[in-house]
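A.B. asks: I need the structure of the sequence given here:
(chains A and B)
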Amino acid sequence: MKNAVGRDIPEFLLKDGREVYQGKNYMDGKYLQKAAPRTRRYEKPQESKLVDSIVDALKQVGAKSGMTFSFHHHLRNGDFVVNMVMQAAIEELGLDNITIAATSLGEAHDPVAQYIEEGKVVGIQTSGIRGKIGEVVSAGKLKTPAIIRSHGGRPRAIEAGEVHIDIAVVAAPTSDCVGNCRGIGGKSNCGSLGYAMTDAKYADHVIVVTDCLVDFPNMPASVEAIDVDAVVVVDSIGNPKKIASAAARISQNPRDLMMAENVAKVIASTPYFKEGFSFQTGVGGPSLAANLFLEKYMDERGIKMGWAIGGICGPMVEMLKKGKVGKVIDVQDFDLDAVNSINQTPGHFEMSASQYANPANKGAFVNKLDFVVLAALEIDTGFNVNVLTGSDGVLRGAPGGHPDTAAGSKCCIIVTPLVRGRMATVCKNVVTVTTPGDCVDVLVTDYGIAVNPLRPDLIKCLDDAGIPHVTIESLQEKAYSLVGTPDDLEWEDKVVAVLEARDGTILDVVRKIKPLKL
Amino acid sequence: MIPRPKPERFRLRRTMMFMNAQKPGLIKDAYIYGVDSIMLDLEDAVAENQKDAARFSLYHALKTIDYGDTEVIVRINGLDTPHWQEDIRVCVAGGADGIRIAKCESAQDVLTVEKAVEAAEKEFGVEVGRTLLMAALESPKGILNAYEICAASPRMFGVAISGGDFRKCMQTKPTASGIDMVTARGMMLIAARAVGIQCFDTVFTDLDDMEGFINETKQNKEMGFDGKSLINPKQIRPVHEIFAPTEKEVMQAELMVRAFREAAAQGIGVFTVNGKMVDVAFIPGAERTLKLAKACGMYEGDLV
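C.D. replies: Numbering: from 1, shown residues only, chains lettered A, B, ... in the order given. Have a look, this model is predicted:
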C-alpha cells in the first residue's frame, strides 16, 4: 500500500493495527494505553546491589533466550558495554533469539554483526545503524526486519508497549552501590543520560554497568536506584576519547560558512525570530556554524534566544554562559565542554528522550521548537530527506531526532552541500524517506536556497528580506548536471528494515540490496 | 564546451579572488561565493615543477565549468620565466575572459603579451581582440611607468598593485594606516583614471584580522579604487558591503538618470534635480552607482 510520501509498504507489515504513514499529525488526539513493566519487589532492606560480574547480573534478573535487551548510546562510538553484555549473554550463558533494542548502534558494535550472522541476535530496534551491523542487516542476514525509529519514536513505542524491554542495561559513568546513575564525575563521562531514562522506567529489569563506583547517594541521579535491580563494576565502560570530543570547533571551511550564513539569514527573515525564540542545531559543519551567524543577527536586533535543545556542544554552552540563551535543555552531549556544563552551569538542564521528542506524550520540547537546522545525506524534490541509507542502499545512518524536530518545529531548515564527491545530495528520489517532505520547510545549499511550496508564508518572508531562492527542481537539475544522473539501485524483495515515522506508522522500508556487479 | 559570452571591458569588478589553478576542488565552483571575478593563478601559487599540471587543470576547468556571470581571469607567469607563452596559449584556447600580466614594468611588456595573445587567438580560432588584459604592478619601476602601461593597449581594462613584491622592493612592511603604499597606490590610481581604465588594490593576507582588512578596504574605496584582490571567500561580503552605495546615493542617481533621459528626449542638455545642476557629465557616474546598486541588490529598476 502506498503511503503519504509515495512509498510502497508491503501488506504483510500492516497487521496488528499497523498503518502506513498518513501525513503529519495524523495520530493527534488519539488515545494511548501505556504499557507498564512487571518489576520485582525489593522490600527487604539491602545494603548494596553490587554483583560480581555481568554474567551474575544477567542470571540474577533471569536472562533467558528470546528476551529483548535495551542499551543507550551516550557512550557513542566509545561504547564497550553492548559488546560486553552480548558476549556474556550469548557466549557465557548460551542465550539466543535475542533482540537488541538500542537507542543507537555504531561502528563500536561491529562484533554484534557476528551474532546476527550466527542467528543468535534475531532482532534489532534502533535509531542508528552503521558499520558491520548495517552491512549484515542490508545483506538480509537478520532474521526479522530491523526496526528503525527516531529518538522520539522510540520512547513512544516503549510507552505504547510496541517494544517491551526485558532487561535494560544502563552504562553509567558513575553509579552508587544501589544504582543511582549520573553521566558525570567518573572517568568515562558522557554528560546527559537522557536516552537511558525511558528505558529504565519501562524495563522489567535494569542492570547498571559502571566503571566508577561512588558514594551513596549519587545525586542528582539521571537513572534512579528505584528502577535498578543490579549494579556491576567493570574496568572500563568505554573509550573516553571516542565518547566526547575535546571541543566541537566551528568550521573554517568557506563553503560551510557561506551556507551557515544563509541559514542565519533565512532564520532572521521569519516572524519566529524574536525575543525568546527557540532553536536546535546539529554539530555538522554548516549546522554548527549557523550559531555564529545567528548570534550576529541576535545582537543586531537586540534579542536573546529563549531556549535551545538537542544534542548539545560547546558553542551553545558558550552562548548560555554569555547570557545569549536563557536555558539549554539537553538530551545528549557531544563534547567535553557540554559534558562539563550539564547540571553545573545555571540554566543547563538534562531531559529524557521522551521529554525531548516523543510525539505521543503531552509536552515534548520538539513540539515547542521554533527553528531546527539539520543536515541530510539526500533530499529529493518532494523535500523528503534520507539520513539512513547510503547511495549504495546500505544502512549507514540514523534518523536520530531529525524527523521529530522537523515535524515539531515551526521552521525546519536542511543545510547540505549540493553534491558530495560524485553524489548528488539533492536528487529526484531519496533512497529511503526518513523525514517526510511535509515536515521540511527550507533547503539551504551552496548553490542556492529553496523553500517548500507548502510554505508560501516563508517564501514571502524570504522575498521581503531580499533573499534569493530557487525551486528545488532547479537545484536537483544543477546537481545532476554537475555529477551526472545516478542509476537506480537494484533491490531484492526481502525487507531488511522497517522505518517507522515518529507516530509509529510506516514511512518506508529498506530491502535487501542486490550485490553490485561491475 | 561552455560558451562564454564576449568579455566586457568595463564591468563591475569589486572583488577578484585568487585561487590556485591546479586545485580542481577549489576552482570547480568558485562562483558560488558571489565574487565578481575569479583569478585562476598559474604563477606563485603553483610550484615550479607543477606548471604543466596546473595548465591542464585550468584548461579543462575553462572548457567544462559554467562560471555564469562570474568573470574568469588568469594570472600568467612573468615574462622572465619560460612559462608565459604556453600559459597564454592555454588561456586563449580555454576561452578565459582576461589575462593578468604579472610583474609588469613597461608598455612593452603589455605589447609583448598582446602579440602572443593575438597569435593564440588566431591559432585557436578565437575572435581577435576578445581576450582582455590587465597588468599587475609589482615594482617601483612598474609604478613609475603606470601611465604608459595603462595606455599600452585597447585590451587593457585595469591595473592592480601587488603589495608583497612592491613592499619587498621598497623595504617596507604593511602598516595599519597604509602609509607604506599610499604614494604608489595614488600614482597608479591617477594613471588608471587618466587613461580611463579600472584600478584594483592588493590582497590582505592576514585572514584573522578582519578589522584590518575592513579598514584597508574602506581606505581603498575612499581613494577611488574599483575593487580589491582577495584570497578567501570570507573577504567577499565585507568588500561588497563597503563598496555599496548609500540609499541616498542610489535615489539621487536614479533621479538624475531618469531626468536626464527625459530631458534629452526633449532636446534639453542642462537641468536641475533637487536644486542641483545636472548635465551629461554627471551621467556616467550616476549610471555606475545604479549598476553597483543593482549588483548589491539595492536597485531593481530598469535604467541600467
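A.B. asks: give me the residue from the stretch 151-300 of chain B nearest chain A.
C.D. replies: For the stretch 151-300 of chain B and chain A, the shortest gap (CB to the nearest CB) falls at B:P233, measuring 3.9 Å. C-beta here means a position set from N, CA and C on the backbone, and glycine is covered the same way.
A.B. asks: shaky segments in the stretch 1-150 of chain B?
C.D. replies: B:1-2 (pLDDT under 70).
A.B. asks: let's see it at 90
C.D. replies: Applying pLDDT under 90 to the stretch 1-150 of chain B flags residues B:1-5, B:10, B:23-30, B:68.
A.B. asks: which intervals of the stretch 351-500 of chain A have sub-threshold pLDDT?
C.D. replies: For the stretch 351-500 of chain A (pLDDT under 90), the answer is A:391, A:421-422.
A.B. asks: Tell me the spacing between the residue of the stretch 151-300 of chain B closest to chain A and A:Q252.
C.D. replies: Distance, B:P233 to A:Q252, by CB to CB, to the nearest Å: 11 Å.
A.B. asks: Around chain B, pick out the residues from chain A.
C.D. replies: A:254-255, A:257-258, A:261, A:446-447, A:466, A:482 (CB under 8 Å from any CB of the partner chain).
A.B. asks: Of those residues, which belong to helices?
C.D. replies: Using DSSP state H, A:254-255, A:257-258, A:261, A:482 are the members of the residues of chain A next to chain B that sit in helices.
A.B. asks: What residue in chain A comes nearest to chain B?
C.D. replies: For chain A, CB to the nearest CB, closest residue to chain B: A:P254, 3.9 Å.
A.B. asks: contacting residues for that residue?
C.D. replies: B:33, B:232-234 (CB atoms under 8 Å, 6 or more residues apart in numbering or on different chains).
A.B. asks: Tell me the buried residues in the biggest helix by length in chain B?
C.D. replies: Using DSSP H, we find that the single longest helix of chain B is helix B:247-265. Under the neighbour-count criterion of 16 or more other CB atoms under 10 Å in any protein chain shown, helix B:247-265 has B:249-254, B:256-257, B:259-260, B:263 buried.
A.B. asks: Report how many residues lie close to residue 84.
C.D. replies: Since no chain was named, I'll use chain A. 20 (other CB atoms under 10 Å in any protein chain shown).
A.B. asks: wait, I meant chain B there
C.D. replies: 21.
A.B. asks: Same check on A:T103?
C.D. replies: 26.
A.B. asks: What residue in the stretch 1-150 of chain B comes nearest to chain A?
C.D. replies: B:I32 (5.2 Å).
A.B. asks: Give the helix, strand or coil label for that residue.
C.D. replies: helix (DSSP: H, G, I helix; E, B strand; the rest coil).
A.B. asks: from what I can see it touches A:P417, true?
C.D. replies: No - using CB atoms under 8 Å as the test, B:I32 is too far from A:P417 to be in contact (9.8 Å).
A.B. asks: any residues in contact with both of those two?
C.D. replies: Joint contacts of B:I32 and A:P417 (CB under 8 Å, 6+ apart) are A:255, A:446.
A.B. asks: one step back: the residue of the stretch 151-300 of chain B closest to chain A touches B:M19, doesn't it?
C.D. replies: No - between B:P233 and B:M19 there is no contact under CB under 8 Å: 9.7 Å.
A.B. asks: picking that back up, so if I had to pick from B:P233 and A:Q252, which one is more boxed in?
C.D. replies: B:P233 (20 against 12).
A.B. asks: need the contact list for the more buried one.
C.D. replies: A:254-255, A:257-258, B:17, B:33, B:35.
A.B. asks: Show me which residues of the stretch 1-150 of chain B sit near chain A.
C.D. replies: B:29, B:32-33.
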